[in-house]
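>>> Model the following, please.
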Amino acid sequence: MTNVDIKHACAFTGHRPERLDAPEEEVKKWLEERISKAIEDGYTDFITGMQRGVDLWAAEILLNLKNEGKTIRIIAACAFKGMEDQWDNRWKSRYNRVLKAADETYVIGSHPGRTAFFLRDEWMVDHASRLIAVFTGALGGTKKTVDYAVEKGLEVDRFQKG
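Numbering: from 1, shown residues only. All right, here's what the predicted structure looks like:
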C-alpha cells in the first residue's frame with residue numbers, strides 16, 4: 001500500500017549520464033520546463049527512480065522547487081537497498097541528499113540485480129499517470145519503461161534533442 005496519488009503522480013525515466021546524446025545542461029533545462037508544466041497541470045507527487053543522471057537531476061530540481069514553496073511531494077523508488085554502493089562519492093552524496101529529503105521512500109526489489117531495476121520501473125509506471133522520459137531510443141531499461149508506460153496508457157513526455 002502506498003500514499004501516492006496516482007492521478008496526480010508523475011514519474012521519471014532516463015539514461016545514465018554516459019548514455020545521453022545531449023549535454024547535461026540541455027537535459028536539466030528541459031527537465032525544469034517539463035516539471036514546471038506538470039505542476040501547472042496539477043501534478044503533486046513526483047516519483048524518481050534514484051538512479052545516476054536523469055532521476056537524480058529531476059529530484060534535485062524538485063528539491064529546489066519545494067524549497068521555494070511549491071506544494072509537491074518527492075517519492076523515492078529505489079531498486080534495492082544499497083543500489084548506490086558502487087557509485088563514486090559525488091553521486092552517493094547526491095543520492096543520500098535526495099533520499100533524506102524525500103517525502104516517501106520505497107525499496108522495490110529484495111536483492112540486487114537487473115530484475116530489481118525492472119520491477120522498480122514497472123512500480124513507478126503503475127503508480128503514475130504521466131512519465132517524463134529522457135530517451136535516446138537505445139535498448140535498455142529506459143526503453144522498456146517507456147514501452148510499458150505507453151502500453152499502460154500513461155501520458156509520455158519525451159525529450160527531443162536540440
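>>> Tell me the buried residues in the one helix or strand I61 maps to?
Assessed by DSSP states H and E, I61 sits inside helix 54-67. Within helix 54-67, the residues scored as buried using 16 or more other Cβ atoms under 10 Å are 54-63, 65-66. Yep, even glycine has a C-beta here, placed from its N, CA and C like the rest.
>>> of those residues, closest to T142?
Using Cβ to Cβ, V54 comes nearest to T142 of the buried residues of helix 54-67, at 8.3 Å.
>>> Hmm, A11 and the closest one touching each other?
No: counting by Cβ atoms under 8 Å, V54 sits too far from A11 to count as a contact (11.2 Å).
>>> would a markdown table of the buried residues of helix 54-67 with distance to V156 be doable?
A markdown table is the format used below for these (distance: Cβ to Cβ, whole Å):
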| residue | distance to V156 |
| --- | --- |
| V54 | 14 |
| D55 | 16 |
| L56 | 20 |
| W57 | 18 |
| A58 | 15 |
| A59 | 19 |
| E60 | 22 |
| I61 | 19 |
| L62 | 19 |
| L63 | 24 |
| L65 | 22 |
| K66 | 24 |
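>>> biggest separation within the residues you listed, which pair?
V54 and K66 (18.4 Å).
>>> any chance you could map the helices in this structure?
24-40, 54-67, 89-101, 114-126, 141-151 (DSSP state H).
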